[in-house]
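Participant: A predicted structure for the sequence below; I have some questions about it.
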Amino acid sequence: MLNFLARRLAQIVPTLFFVSVLIFSLQQLLPGDPALVMAGEERDPAVIEQIRHQYRLDQPIPVQYAYWVGGVLRGDFGESLRNKMPVRELIAQKLPVTLQLGSMAILIAVLIGIPAGIVAAVKKGTAWDYGANLFALWGISTPNFWLGIMLIFLFSIELGWLPASGYVSLTENWRASIAATIMPAFVLGNAIAAILMRHTRSAMLQVLESDYVRTARAKGLLERSVILKHAMRNALTPVITLGALELGTLLSGAVLTEQIFSIPGFGKLIVDAVFNRDYAVVQGVVLVTATIYITLNLIADIAYILVNPRLRG
Amino acid sequence: MKTLRLATTAAAFVLSFAAAAQAQTTLRIGLAEDPDVLDPTMARTYVGRIVFSAFCDKLFDIDEKLNIVPQLALSSETADDGKALVIKLRPGVKFHDGEPFDAEAAKFSLERHLTFPGSFRKPELASVDHVDVVDSLTIKLALKAPFSPLLAQLTDRAGMMVSPKAAKAAGDKFGLHPVCAGPYKFVERVQQDRIVFEKFTDYWNKDNVFIDRIVFQPIVDATVRLANLKSGGLDLIERVLATDLKEVRADSRLKVATAIELGYQGVTLNIGKDKAKGPLSQSAKIRQALDRAIDRDAINQVVFNGEFQPGNQWVNPGHPYYQKSLPLRARNVEKAKALLKEAGVTPPVSVDFLVPKGAETETPAQVIQSMAAEAGFDLKIRLTEFATGLKQAEAGDYQAYMLAWSGRVDPDGNSYVFLHSDAPQNYSGWNNAQADQALDEARLVTDPAKRKAIYERLANLVQDEEPILYLYHRRIIIAHTTKLEGYKQMPDGLVRVIGLKLK
């Protein structure tokens, strides 16, 4: 186990290095000039020259990269071209927002998707099953931006129950915070719920036909106990993996949904940064996201080993 | 029964959020973008200027008729030779940190604009050689040469005064905690989420400030911005879409305030920088033909429900500097065809048409494309993301470029940088000695009638040579709830908060 951990941790360093080189060089391929974009309507050549110099945009790319990596190793991610804020501070502002939205979305997805999947499998071929499948199809095929705007019209304008957009942090006022994030979390969670439902259903169907379930039934166990205690545990392993991956994707920012609900998370930050050619921000956010993703993967691997003793080498 | 109880609890839970929201008495303003840095020396966006007007007073301001009126100044006087501007300052003004606003502070602010590394105000104040303190409430700007647009520059960010103490302490981080002398003072900013200000109790004009807090919230999507206004989440929003106006006007809880913008929407034609040496760069006749093929009024009706104002100059037809001797010409397809024939080209005349992405540019571009096709042009629309397009335009990699300008108070700000042969934003590459002369001369003359006559010469040249096809002027559309009283729209599009009341 320790051996495995050490091996995986050692892999992280080169992976992150590779990611950093990739982010940096891909970004250079973006057309457009950050200094020119930063200048906005005030495009005086002398001022633009000064910006290039100040942010080392006039230096060769490897030199720029060296400066950036040097900074990152010291915990300095540089500062935003657009508003002068340190990137580290920007990330610290946005990460909790994205974490909250992501966790709420996953929670909603799990609460809807897994029970629906189980019911669909157990009641295969009945109205319940068709209903659940219809829901899944709807969830997968409904575009986020459409659902978001419809929810705003219903709950904010017509009923006036929830704020149409904006964000309040959990520590400031937890009720207002949940009210502000429940709609975007539902939009995100709804799509994932559909995927989870499909996977749970097929995994359950497989398990329900296996020998040990038949044995359990033959022993005269209650159907409820057969499904919840025996079948579900095994069926859920792949579903949990899927959930973890979806969470990773959510944490890299839900661009459209954040835009519609004006949730100031990673998605909005990175999209604005790309359009403003705010390189330092793009680099910082992608690096942090990559680190989170790698860490989640590592945790999933460890969880496998804990759950399934056969994998312990 | 259990379900009913659950539903009741849920409803009560949700309603309690609504109750909590109503307790707020703040003015909440929805912006179309997240502003850039809040340092008047370093700032460069239109949306930023909206925020500045809540907390950063300027030496001068404009009124509804574009007259220049004093704000932190009391009066100004230009020397007879035009090479000095003496400004008397308002007494008893304090910055948000309690520091006094006096001649030393004004000198400091102007010098900061002039010398700070990366200052975007430097070009605007380029005519200023140095600033002298005459007495504690009088400064003198010594100029390198007479420069008539200077006073107008001081009605915008170049005229904004910052606390010397705070600015010295913060250096280039001043924009993170700006300290000015406006009606509201900065409280906090969360990027892409909100900027919060609270009433400044020592403001010089505090008797006309009635609202305690202002919160600016950037909400990019226009539909969502409007939805927030309707649901009561915001009190005022900027940049309402012209196509949404009908709906807003029909809503009895909302009010609309509008003005025609100071800027313009146009198509820049590449004359001197076209690498491909396309037909537009070869003959003024071909450019004139394109101009005559366009029905500006139809674009306004079809795309913008008739809410914008068709135009043909760098200022709108209601502007004091609009040349009435050169009115809008009607579309004339036959004339356009004849001009193409005279130029000796055979249709279809192919043109690379660079258009930045966005509903307000794409649709009019398509309308122009089909109008021009009837006269024998084949406009090939190339939709490009803004930053990429800008770079290509700089490089001359286009033949026609759909480009807007947000506009400045003085006509110089709408013409010089785009039309003078030495100017940085002359994307057309137009090089005309007479035009340069007119542009330079208009900077030296202060008498409005004489200046207007000089600009008339320029307008004639532009109409003949067509470096830019001016198309229309957008309507600045602000919508607010009826709870807000006293709102007046100024032609610069900014939201002024003095005198506003919330019922």
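Facilitator: Sure thing, it's come through. Note that the structure is predicted; figures quoted are calculated from it, not measured.

Participant: How many residues are close by the nearest residue to B:Asp251 once chain neighbours are set aside?
Facilitator: Using C-beta to C-beta, 6 or more residues apart in numbering or on different chains and skipping residues adjacent in sequence, the residue nearest B:Asp251 is B:Lys230, 6.9 Å away. Placement of C-beta: from N, CA and C, glycine included. By other C-beta atoms under 10 Å in any protein chain shown, 24 other residues sit near B:Lys230.

Participant: B:Lys230 belongs to a helix, doesn't it?
Facilitator: Yes - the assignment for B:Lys230 (DSSP: H, G, I helix; E, B strand; the rest coil) places it in a helix.

Participant: What about residue 73, how many residues nearby?
Facilitator: Going with chain A. Neighbours around A:Leu73, by other C-beta under 10 Å: 8.

Participant: that's the wrong chain, I wanted chain B
Facilitator: By other C-beta under 10 Å, neighbour count at B:Ala73 equals 25.

Participant: wait, what's in contact with the closest residue in space to it that isn't next to it in sequence?
Facilitator: Excluding its sequence neighbours, the residue lying closest to B:Ala73 (C-beta to C-beta, 6+ apart) is B:Leu59, at 4.4 Å. Going by C-beta atoms under 8 Å, 6 or more residues apart in numbering or on different chains, B:Leu59 touches B:Pro70, B:Gln71, B:Leu72, B:Ala73, B:Ile87, B:Leu89, B:Ala106, B:Leu154, B:Thr155, B:Gly159, B:Met161.

Participant: what helix or strand does the residue in the stretch 301-450 of chain B positioned nearest to chain A sit in?
Facilitator: Checking the stretch 301-450 of chain B residue by residue against chain A with C-beta to the nearest C-beta singles out B:Ala387 as nearest, at 3.4 Å. According to DSSP states H and E, B:Ala387 maps onto helix B:386-394.

Participant: and after that helix, which helix or strand comes next?
Facilitator: Next element after helix B:386-394 (DSSP H and E): strand B:400-405.

Participant: Paired strands for that following strand, with orientation please.
Facilitator: Note on strand B:400-405: by DSSP bridges, its sheet partners are strand B:264-269 (antiparallel), strand B:349-356 (parallel).

Participant: Of those, which stretch is the most buried?
Facilitator: strand B:264-269 (a mean of 24; mean count of other C-beta atoms under 10 Å in any protein chain shown).

Participant: quick one: the helices in the stretch 201-313 of chain A?
Facilitator: A:211-218, A:223-225, A:232-251, A:255-261, A:266-275, A:279-307 (DSSP state H, counting those that start in this stretch).

Participant: Select, out of those helices, the one closest to A:Val72.
Facilitator: With C-beta to C-beta as the measure, helix A:279-307 is the member of the helices of the stretch 201-313 of chain A nearest A:Val72 (7.0 Å).

Participant: Which other helices and strands does that closest one contact?
Facilitator: helix A:2-28, helix A:61-73, helix A:87-122, helix A:232-251, helix A:266-275 (3 or more C-beta pairs under 8 Å, 6 or more residues apart in numbering or on different chains; DSSP states H and E).

Participant: Phi and psi next, for the most centrally placed residue in chain B.
Facilitator: Centroid-nearest residue in chain B: B:Ser406, 3.3 Å away (criterion: C-alpha atoms, centre = their mean). Note on B:Ser406: its backbone torsions stand at phi -70, psi -20 [degrees, to the nearest 10].

Participant: Verify the contact between it and B:Arg239 for me.
Facilitator: No - using C-beta atoms under 8 Å, B:Ser406 is not in contact with B:Arg239; the gap is 11.6 Å.

Participant: pretty sure B:Pro279 is touching B:Val345, no?
Facilitator: Yes - counting by C-beta under 8 Å, B:Pro279 touches B:Val345, with 5.6 Å between them.

Participant: For those two, list the residues in contact with both.
Facilitator: B:Ile286.

Participant: between those two, who's got more neighbours?
Facilitator: B:Pro279 (21 against 17).

Participant: residues touching the more buried one, list them.
Facilitator: B:Ile286, B:Ala343, B:Val345, B:Val349, B:Ser350, B:Val351.

Participant: and the residue nearest to the centre of chain B, how far is that from A:Gly243?
Facilitator: As judged by C-beta to C-beta, to the nearest Å, B:Ser406 and A:Gly243 stand 47 Å apart.

Participant: Over to B:Arg121?
Facilitator: Distance from B:Arg121 to A:Gly243, by C-beta to C-beta: 53 Å.

Participant: Comparing the two, which residue is more hemmed in?
Facilitator: More crowded of B:Arg121 and A:Gly243, by other C-beta under 10 Å: B:Arg121, with 28 against 21.

Participant: Now that one. Nearest residue, chain neighbours left out?
Facilitator: B:His113 (3.7 Å).

Participant: how near is the one you found to chain A?
Facilitator: Separation of B:His113 from chain A (C-beta to the nearest C-beta, to the nearest Å): 12 Å.

Participant: That residue - how many residues pack around it?
Facilitator: 24.

Participant: Now name the helix or strand holding it.
Facilitator: Judged by DSSP H and E, B:His113 forms part of helix B:103-115.

Participant: Report all helices and strands that that helix contacts.
Facilitator: Looks like helix B:103-115 contacts strand B:84-89, strand B:128-135, strand B:138-143, helix B:164-170 (3+ C-beta pairs under 8 Å, 6+ apart).

Participant: To A:Asp33, which of the ones you listed lies closest?
Facilitator: helix B:164-170 (28.0 Å).

Participant: Tell me the first helix or strand C-terminal of the closest one.
Facilitator: By DSSP H and E, the next helix or strand past helix B:164-170 is strand B:184-190.

Participant: Against which helices or strands is that following strand packed?
Facilitator: For strand B:184-190, the elements it packs on are helix B:46-55, strand B:194-199, strand B:213-218, judged by 3+ C-beta pairs under 8 Å, 6+ apart.

Participant: okay, the angle between the second one and helix B:46-55?
Facilitator: Going back to what we said before, that points to strand B:194-199. 20 degrees (axes from the mean of the first three to the mean of the last three C-alpha atoms, to 10 degrees).

Participant: Note down every partner strand of strand B:194-199 and its orientation.
Facilitator: strand B:184-190 (antiparallel), strand B:213-218 (antiparallel).

Participant: can you give me how far the last one is from the chain middle?
Facilitator: It refers to strand B:213-218. 20 Å (C-alpha atoms, centre = their mean, to the nearest Å).

Participant: Same question for the longest one.
Facilitator: In this view, strand B:184-190 has its centroid 23 Å away from the chain centroid, taken as C-alpha atoms, centre = their mean.

Participant: Would you mark the buried spots in it?
Facilitator: B:Tyr184, B:Lys185, B:Phe186, B:Arg189, B:Val190 (16 or more other C-beta atoms under 10 Å in any protein chain shown).

Participant: mind giving me the domain split of chain B?
Facilitator: Here the domain parsing of chain B from automatic domain parsing is B:26-33+B:182-258+B:476-502, B:57-168, B:264-473.
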